[in-house]
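Asker: this is the structure alone, sequence omitted:
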DNA sequence: GCCACCCGA
DNA sequence: GTTATCGGGTGGC
């Protein structure tokens, strides 16, 4: 007994960061201000101790500690070096950002309070007065009674039960939640028809126009909107009002639940607000990045400035830019429907009881392939690259990818190309026991005929809003090109891609090892073909799309180039990620074992109620 | 330019 | 007894 206690006492301080990490990713969420975190932490720690999950967390914690000591060593090194050029670059960047600061928009982030739990409470009002959570295994959310006990979203169910034995856990009912979400969205649309849903229960709105037209202050408009939502749907929402999305998001957490908060749109107010704001409050800074920043002496966004000369070298260019924008309180002001964002991948994965038998694992893969086929059918995509993911019983994760000779979407193909990767992993990791398997396709190709624009994004059903709204970014270049011409060009490009794909597929069926035809420049054109120089020097299409002549194809390509250039040159600041062409070979041998990458990214939205995401590290101001 | 891995929501 | 899905960044090669 005494020995055990002594042991506890001695290893507790060592595990300080681990305990903090075990508190979970949603530590900054509302409702736990009055909670004794150290007590909660002890309970979680003791409930988890010794489990495989815990051991994995411990490993991760150690390697993060190692990584941090490297960062610190690098920092000490930099402090002895001449960083004046980095300092100047940082100051130039600040000046540039400051020039682009836009305080003219009224951006609102609205967030439903404990949404899933709130919806369940509507059906069963008696649950309002007791601690209750939604989600089995892992809590998806919980009501404010439960939060008083330290329960939080993302927490393991059994841990939550340790914290609060009387906790009632309900199963998820997504249909119910999306139905309610639709009711709410209908109201949001009255305030901003181009509102952007960030997830089922969150949305961004630009109320600039609404406030002007109705002669309302932002506070009044938001109060009215929240009241209307509450009245019509019986759900309470919190909201943040500010000059940009990043600030609005932070503000919406300020007076939760059922409250609102405005950060006034003047520079000094914003700077003062950021000065004392803990970094972790910013969307995109999670547990890991928080620890890294803390280690170099950055706890609040205000602290960032003093370290500006080192950030790029310590955390990378993107993180540097992101952090400087945090310091200045800058964020994006363009709010747009989630459908305007381009999906990049479709995948599925599932956790199961540990298994190691090759036969069972193959069956599992087949099942996942079936699932993915269903998802691809529903969403209307094929994928050029197939990725497999496995999680061992130790929680170690491995991924492998390969590129089939043509874009795939059928379960048979998903399985056929996935299996070799799985088999190879089984060889590399003797007697491996798995707890999760997943498949995902990337470099996806849309099979949907309708409305795909040059960038692969879906266009709006009703495009009139775009051209008529004067306030809304007239600088994005859309208006430059007549609608009809645009549509036609988009249609052509679609058709060409389809043709190319079909060709590739057929080609494959005929000859096993297909390679992109790369003809030597001096080679003779095939006899009965028109004078041409395939592959196309502009779009690299290997051969004539359908019955198009080379010249007409070139015309099309050239016009498309100029359109793209026009759009690019009229598009404002943020350096968009460069377009990445695709093509790949099969998977490589596995060096394996842990490494650490850099953080960055986030935000999720839904198309039909499902997930999607977007970047803020790249997001402009 | 691809791949594997990691982070965050 | 610790999820599922997606986007993005980094570093190695």
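Answerer: Sure thing, it's come through. All values reported here derive from a predicted model rather than from experimental measurement.

Asker: report pLDDT for the closest residue to residue A:206 other than its chain neighbours.
Answerer: Leaving aside its sequence neighbours, residue A:206 sits nearest to residue A:335 (C-beta to C-beta, 6 or more residues apart in numbering; 4.5 Å). Bear in mind the C-beta positions are built from the backbone N, C-alpha and C, glycine included. Residue A:335 carries a pLDDT value of 98.

Asker: same check, this time on the one 4 residues further on
Answerer: Confidence at residue A:339, expressed as pLDDT, is 91.

Asker: cool, and the one 10 residues further on?
Answerer: For residue A:349, the model assigns a pLDDT of 98.

Asker: pretty sure it belongs to a strand, no?
Answerer: Yes: according to DSSP: H, G, I helix; E, B strand; the rest coil, residue A:349 belongs to a strand.

Asker: next, count neighbours for it.
Answerer: Residue A:349 is flanked by 16 other residues according to other C-beta atoms under 10 Å.

Asker: for it, give me its contacts.
Answerer: By C-beta atoms under 8 Å, 6 or more residues apart in numbering, the contact list for residue A:349 reads A:368, A:389, A:436, A:437, A:438, A:439, A:440.

Asker: returning to that earlier point: ok, the residue nearest to residue A:206 - contacts?
Answerer: By C-beta under 8 Å, 6+ apart, residue A:335 lies in contact with A:107, A:192, A:194, A:195, A:196, A:204, A:205, A:206, A:245.

Asker: before we move on, what about residue A:127?
Answerer: Residues near residue A:127 by C-beta under 8 Å, 6+ apart: A:117, A:120, A:121, A:143, A:168.

Asker: could you redo the contacts of residue A:335 as a markdown table and give each row pLDDT, neighbour count and secondary structure?
Answerer: Output for those, formatted as a markdown table (pLDDT from 0 to 100; neighbours: other C-beta atoms under 10 Å; DSSP: H, G, I helix; E, B strand; the rest coil):
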| residue | pLDDT | neighbour count | secondary structure |
| --- | --- | --- | --- |
| A:107 | 98 | 29 | strand |
| A:192 | 98 | 21 | coil |
| A:194 | 97 | 19 | coil |
| A:195 | 98 | 23 | coil |
| A:196 | 98 | 24 | strand |
| A:204 | 98 | 29 | strand |
| A:205 | 98 | 26 | strand |
| A:206 | 98 | 24 | strand |
| A:245 | 98 | 26 | helix |
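
Asker: want to throw these into TSV with distance to residue A:431?
Answerer: TSV is the format used below for the contacts of residue A:335 (distance: C-beta to C-beta, whole Å):
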residue	distance to residue A:431
A:107	54
A:192	56
A:194	55
A:195	52
A:196	48
A:204	49
A:205	54
A:206	56
A:245	49
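
Asker: my guess is residue A:387 is in a helix, correct?
Answerer: No: applying three-state DSSP, one finds residue A:387 to be strand, outside a helix.

Asker: show me what from the stretch 201-350 of chain A comes close to DNA strand C.
Answerer: A:315-319, A:342-350 (C-beta under 7 Å from any atom of the strand).

Asker: mind redoing it with 6 Å?
Answerer: By C-beta under 6 Å from any atom of the strand, the residues of the stretch 201-350 of chain A that approach DNA strand C are A:316, A:317, A:318, A:319, A:343, A:344, A:345, A:346, A:347, A:348, A:349, A:350.

Asker: show me where the stretch 301-450 of chain A has its helices.
Answerer: Secondary structure of the stretch 301-450 of chain A (DSSP state H, counting those that start in this stretch): helices at A:308-315, A:317-328, A:358-379, A:411-428.

Asker: for DNA strand B, what is the nearest residue in the stretch 201-350 of chain A?
Answerer: Using C-beta to the nearest atom of the strand, residue A:286 is the residue of the stretch 201-350 of chain A that sits closest to DNA strand B, at 2.5 Å.

Asker: how about the nearest residue to that residue once chain neighbours are set aside, what does it touch?
Answerer: Distances taken as C-beta to C-beta, 6+ apart place residue A:25 nearest to residue A:286, at 6.1 Å, with adjacent residues excluded. For residue A:25, the contacting residues are A:154, A:286, A:287, by C-beta under 8 Å, 6+ apart.

Asker: please, where are all the strands along the stretch 101-250 of chain A?
Answerer: A:107-112, A:132-134, A:141-142, A:168-170, A:196-199, A:202-206, A:237-242 (DSSP state E, counting those that start in this stretch).

Asker: make TSV out of those strands and add distance to residue A:363.
Answerer: Below are the strands of the stretch 101-250 of chain A laid out as TSV (distance: least, C-beta to C-beta, whole Å):
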stretch	distance to residue A:363
strand A:107-112	40
strand A:132-134	31
strand A:141-142	34
strand A:168-170	31
strand A:196-199	34
strand A:202-206	38
strand A:237-242	45
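
Asker: what number of residues lie near the nearest residue in space to residue A:243 that is not next to it in sequence?
Answerer: Spatial nearest neighbour of residue A:243, excluding adjacent residues (C-beta to C-beta, 6+ apart): residue A:265 at 4.2 Å. By the criterion of other C-beta under 10 Å, residue A:265 has 19 neighbours.
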